[in-house]
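Colleague: I would like the atomic coordinates for the input below:
(chains A and B)
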Amino acid sequence: MLALEINNLTKDYTVGFWKKRPVRALNDLNLQVGMGESFGFLGPNGAGKTTTLKILMRLIYPTTGEAKILGCPLDDMQMRARIGYLPEQPYFYDYLTARELLNYCAKIFGLNKAEALKRTDDLLKRVGLFEAADKQLRKYSKGMLQRAGLAQALINDPEVLFLDEPMSGLDPLGRREVRDLIAALRDQGKTVFFSSHVLSDVEALCDRVAIMNKGCLIESGKLSDILKSRTNELEAVVTGIDEATLNELQVFATQIVPAPEGAHVRVQSDKEIEYVLSIVHRAGGRLVSVNPVRESLEDLFVREISENAKVAKQAAS
Amino acid sequence: MKVVPIALNTFRESVRDRVLYNLILFVLLLVGASIFLGELSMSQESKIIVDIGLSAMRIFGVLISIFIGIGLVYKEIDKRTIYSLLAKPLHRHEFILGKYFGLCLTLFVNSVVMALGISLALLFVKGGADPIQIKIWPTAYLIFLELMVMTAISLLFSSFSSPALSALLAFFLFIIGTFSADLKLFAATVGSGVVKVMCQALYYVLPNLANFNFIMATAHGNTPSVGMMGAATMYAALYISALLAATVMIFQRRNFK
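Modeller: All right, here's what the predicted structure looks like:
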């Protein structure tokens, strides 16, 4: 069974007061997430990430298409009892304490009093809010609110967890704490679907990612596959070469980054590296290292988004 | 039934937002009236206490039902507290009913405390037990029904409009509803067919809050009949059901962008 299945999901909004016109926020999205996967949903602002999550959480209705969570339609209440959701920049009733908030959520899930109390205490300890459990949420810092949000999303011990920008607005320590929590959930075998701008977190936590731009899915797959597919390039670090040699290397290199005592020379394949080595050797230089170029998720993200923008520009012209 | 936790939380919100502090103002008003009216004869004094007390109960209640009622749904959307709630196993109609009954619970507590206050004030001015201390309760019940109708009206507007516009519309309906009997009278006296039909239609569509008003008669020592109370209860139940059904229909279709 799939944790999440999205088929041809499209959402159009109508904007304008007098002259109404449709704006497509999500365009024909297809996505599948398996059970136990940790899935990163990436994209710049306005990419359609939050729209997708809101459709999945029944906060907005799709124009066309459908989605299933745990094999059930989105309005299935039994399925709802098996998932958790943390909205972007969560805001909860600030007159409640964290303990009251969790008890309230437990009642909505229909948990009995004893179980609700036990889970509340366990979760407060787990997210590090036990000491502040009886403080009103209006006195919480942003990081504490985020942790209270995570706790309310976990009150029903969900099988699938949807997190919308769980690290946004947090300081490095807060980010680390939330990241560790998500990693622990993943290690427990929970399915975690989360959108994020913080690519290093996604890279550290996710098995698979999807990259969105302007409502469209532009890339998805296993992180290792996506990044591996672009690792043909090699980078040689060379020292003891002069300006003239660097100019000579330009012919074979795709990129040369000068360093204090030499340069980082990037080439397409093994064949070019042999030419580079012979030139460096002839010039009396020294080879320090040769390594395959591993594209970071950030590189991939930036490249995909800019390529996508170029294609769109060409299509428009 | 998920309505209960939503209702209890709405009640808790009202209490923590100090909505019930209006009771202090009410008590001050009653004490002030008792002292100021101490010069008058005993029968006049109790009449005025009943009149001022029940009218204050109605006005304070209407202010709460409108000003809190218009924010019931709007605040949840504006502050995005609704996002994590609707993702849980909770139907949208349960949310609306919970919010509605939560505010009704607040109004109920408020009305009971106020009615107790009036009874105590009457005990004080009468210098002992008197039937008037009991007679105010059926009228207080009718006022509570009126407040339930006003809450449903405010909630309806709150489900699709801004708080300022909702408050304006709710007040407008409160004023019209208070004088809706005049619409029927006007319909009976005008000759033109179209105006007559329009006035009659408006009379039946707009809330007839006169059904719940027995304050003056109570001040004169009368009690609403069982028939009147039954009819008012039926009317309120039907009108509130229609309003809540409309609210749910609107709310079901809403996208929370």
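Colleague: Number of residues surrounding residue A:238?
Modeller: 27 (other C-beta atoms under 10 Å in any protein chain shown). To be clear about C-beta, it is placed using only N, CA and C from the backbone, and glycine gets the same treatment.
Colleague: Could I get the contacting residues of residue B:89?
Modeller: By C-beta atoms under 8 Å, 6 or more residues apart in numbering or on different chains, the residues touching residue B:89 are A:77-78, A:80-81, A:108-110, B:2.
Colleague: Now the buried members of the residues you listed.
Modeller: Using 16 or more other C-beta atoms under 10 Å in any protein chain shown as the burial test, those include A:80-81, A:108-109, B:2 as buried.
Colleague: And what about residue A:66, helix, strand or coil?
Modeller: strand (DSSP: H, G, I helix; E, B strand; the rest coil).
Colleague: what's across from it in the sheet?
Modeller: With DSSP bridges applied, residue A:66 shows beta-bridge pairing to residue A:7.
Colleague: if I read this right, it contacts residue A:9, doesn't it?
Modeller: Yes - here residue A:66 reaches residue A:9: they are 7.2 Å apart, a contact under C-beta atoms under 8 Å.
Colleague: Neighbour count for these two, which is higher?
Modeller: Between residue A:66 and residue A:9, counted using other C-beta under 10 Å, residue A:9 has the larger neighbour count: 23 against 13.
Colleague: what's the distance between the more buried one and residue A:29?
Modeller: 4 Å (C-beta to C-beta, to the nearest Å).
Colleague: hang on, residue A:170 packs against residue A:178?
Modeller: Yes - taking contacts as C-beta under 8 Å, residue A:170 lies within contact range of residue A:178: 6.4 Å.
Colleague: Where does pLDDT dip in chain A?
Modeller: Along chain A, segments meeting pLDDT under 70 span A:228-231, A:294-297.
Colleague: domains for it, by residue range?
Modeller: Domain assignment for chain A by automatic domain parsing gives A:2-222, A:234-292.
Colleague: Residue A:248: neighbour count?
Modeller: Neighbours of residue A:248 (other C-beta under 10 Å): 18.
Colleague: ok, for it, nearest residue in space, not its chain neighbours?
Modeller: Distances taken as C-beta to C-beta, 6 or more residues apart in numbering or on different chains place residue A:279 nearest to residue A:248, at 5.5 Å, with adjacent residues excluded.
Colleague: same check, this time on residue A:213
Modeller: residue A:308 is the one closest to residue A:213 (C-beta to C-beta, 6+ apart), at 4.9 Å.
Colleague: which residues does the one you found contact?
Modeller: By C-beta under 8 Å, 6+ apart, the contact set of residue A:308 is A:213-214, A:216, A:218.
Colleague: which helices and strands does the strand or helix carrying residue B:121 pack with?
Modeller: Taking DSSP states H and E as the criterion, the element that holds residue B:121 is helix B:92-126. Counting by 3 or more C-beta pairs under 8 Å, 6 or more residues apart in numbering or on different chains; DSSP states H and E, the packing neighbours recorded for helix B:92-126 are helix B:3-16, helix B:22-36, helix B:42-67, helix B:71-78, helix B:81-86, helix B:132-158, helix B:226-253.
Colleague: out of these, deepest packed?
Modeller: Mean neighbour count (mean count of other C-beta atoms under 10 Å in any protein chain shown) peaks for helix B:132-158 among these, with a mean of 24.
Colleague: and stretch A:31-47, how far from the chain's centre?
Modeller: 6 Å (C-alpha atoms, centre = their mean, to the nearest Å).
Colleague: Would you mind listing what in chain B touches chain A?
Modeller: B:2, B:4-6, B:9, B:12-13, B:16-17, B:79-91, B:253, B:255-257 (C-beta under 8 Å from any C-beta of the partner chain).
Colleague: Please determine how far residue B:20 is located from chain A.
Modeller: As judged by C-beta to the nearest C-beta, to the nearest Å, residue B:20 and chain A stand 14 Å apart.
Colleague: what do you get for residue B:115?
Modeller: Distance from residue B:115 to chain A, counting by C-beta to the nearest C-beta: 27 Å.
Colleague: tell me the pLDDT at the closest residue to that residue other than its chain neighbours?
Modeller: Nearest residue to residue B:115 in three dimensions, chain neighbours excluded: residue B:140, at 4.1 Å (C-beta to C-beta, 6+ apart). Model confidence at residue B:140, given as pLDDT, is 96.
Colleague: Which of residue A:170 and residue A:178 has more residues huddled nearby?
Modeller: More crowded of residue A:170 and residue A:178, by other C-beta under 10 Å: residue A:178, with 24 against 21.
Colleague: In a helix, that one, correct?
Modeller: Yes - counting by three-state DSSP, residue A:178 is located in a helix.
Colleague: Chain B versus that one, what's the distance?
Modeller: From residue A:178 to chain B the distance is 16 Å (C-beta to the nearest C-beta).
Colleague: I figured that residue hits residue A:149, correct?
Modeller: No - at 9.6 Å, residue A:178 does not count as touching residue A:149 under the criterion of C-beta under 8 Å.
Colleague: Find me the pLDDT at residue B:137, would you?
Modeller: We note a pLDDT of 96 for residue B:137 in this prediction.
Colleague: My read is that it contacts residue B:115, right?
Modeller: Yes - between residue B:137 and residue B:115 there is a contact at 6.1 Å, judged by C-beta under 8 Å.
Colleague: what bits of chain B have low per-residue confidence?
Modeller: B:35, B:37-43, B:191.
Colleague: Name the residues of stretch A:203-218 that come out as buried.
Modeller: Buried residues in stretch A:203-218, counted by 16+ other C-beta under 10 Å: A:203, A:205-218.
Colleague: related to what we said a few turns ago, so which of the domains of chain A is the most surrounded?
Modeller: domain A:2-222 (a mean of 19).
Colleague: distance between the longest helix seen in chain A and the chain's centre?
Modeller: Ranked by number of residues, the top helix in chain A under DSSP state H is helix A:297-316. Distance, stretch centre to chain centre, for helix A:297-316: 18 Å (C-alpha atoms, centre = their mean).
Colleague: Got the phi and psi for the closest residue to chain B within the stretch 201-317 of chain A?
Modeller: Distance from chain B to each residue of the stretch 201-317 of chain A (C-beta to the nearest C-beta) is smallest for residue A:215, at 14.2 Å. In terms of degrees, to the nearest 10, the main-chain angles of residue A:215 are phi 80, psi 0.
Colleague: can you check residue A:5 too?
Modeller: Backbone dihedrals for residue A:5, given as degrees, to the nearest 10, come out at phi -140, psi 120.
Colleague: And for the one 10 residues further on?
Modeller: The phi and psi torsions at residue A:15 (degrees, to the nearest 10) take the values phi -120, psi 160.
Colleague: what helix or strand is the closest residue to it other than its chain neighbours on?
Modeller: Nearest residue to residue A:15, sequence neighbours excluded (C-beta to C-beta, 6+ apart): residue A:23, at 5.2 Å. Assessed by DSSP H and E, residue A:23 sits inside strand A:21-34.
Colleague: Show residues contacting that strand.
Modeller: Here strand A:21-34 makes contact (C-beta under 8 Å, 6+ apart) with A:2-15, A:39, A:48, A:51-52, A:55, A:62, A:65, A:191, A:193, A:208, A:210, A:212, A:214-217, A:220.
Colleague: How about stretch B:165-172?
Modeller: Counting by C-beta under 8 Å, 6+ apart, B:66-67, B:69-70, B:74, B:150, B:153-154, B:157-158, B:161 sit against stretch B:165-172.
Colleague: Between those residues, which sits nearest chain A?
Modeller: For those, the nearest to chain A is residue B:74 (14.4 Å; C-beta to the nearest C-beta).
Colleague: The closest one and residue B:163 touch, don't they?
Modeller: Yes - counting by C-beta under 8 Å, residue B:74 touches residue B:163, with 5.4 Å between them.
Colleague: Tell me which stretches of chain A form strands.
Modeller: Here chain A has its strands, by DSSP state E, at A:2-15, A:21-34, A:38-42, A:64-69, A:72-73, A:83-86, A:160-164, A:191-196, A:208-213, A:216-222, A:234-239, A:253-259, A:262-267, A:286-292.
Colleague: Lovely, talk soon.
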